[in-house]
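In: Mind folding the following:
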Amino acid sequence: MQQINNSWLGGQSAKLADYFHESIVFNSPDLKQQSIGKDICIESYADFLGKSKVLLFNQSNPRVHIFDYTAILAYDFEMKYEQKSKTYHETGTDVMIFTREKDLWKAVWRTLVNLESL
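Out: Sure thing, here's the model as predicted:
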């Protein structure tokens, strides 16, 4: 997960292809909308970075559970970013599920929970 965050925060969203499964699913926080597929999900990071300036990104309280070829990761985050001269401040929990393919872990599912705008 740290490599994923380092990639997009470093402006290298294309590098996410190394960590995302071809059929990855991003869910909205209410679980009612989905983005499906590696290219679409990578584009969501590129779009965000293209219109935002990240001012702060903190991670805390990581939790990892591994079951054979499946791993579930959750961590709390705080992020401040600027878009169109307006500053946003959000907190929440990022939940991501990974599967092991050969010797690599690939992200297959993601959502944000407890999302709050401060």
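
In: Just give the number of residues close to the residue lying closest to Gln33 once chain neighbours are set aside.
Out: Using C-beta to C-beta, 6 or more residues apart in numbering and skipping residues adjacent in sequence, the residue nearest Gln33 is Asn27, 7.3 Å away. Backbone N, C-alpha and C define where each C-beta goes, glycine included. Using other C-beta atoms under 10 Å, Asn27 is surrounded by 17 other residues.

In: Just to check, Asn27 is in contact with Ile36?
Out: No. Counting by C-beta atoms under 8 Å, Asn27 stays clear of Ile36, with 9.8 Å between them.

In: and the residue nearest to Gln33, what does it touch?
Out: 33-34, 109-111 (C-beta atoms under 8 Å, 6 or more residues apart in numbering).

In: and if you look at Ser7?
Out: 13, 15-16, 19.

In: can you tell me how far the nearest residue to Gln3 once chain neighbours are set aside sits from Phe57?
Out: Computed as C-beta to C-beta, 6+ apart, the closest residue to Gln3 that is not its neighbour in sequence is Tyr19, at 6.2 Å. Tyr19 sits 17 Å away from Phe57, going by C-beta to C-beta, to the nearest Å.

In: Neighbour count: the two, which is higher?
Out: The neighbour comparison of Tyr19 against Phe57 (other C-beta under 10 Å) goes to Tyr19, with 19 against 13.

In: So the more buried one sits against Lys106, correct?
Out: Yes. If you go by C-beta under 8 Å, Tyr19 and Lys106 touch, sitting 6.5 Å apart.

In: The nearest residue to Trp109 once chain neighbours are set aside: what's it in contact with?
Out: Nearest non-adjacent residue to Trp109, counting by C-beta to C-beta, 6+ apart: Ile97, 4.1 Å away. The neighbours of Ile97, taking C-beta under 8 Å, 6+ apart as the test, are 70-73, 107-110.
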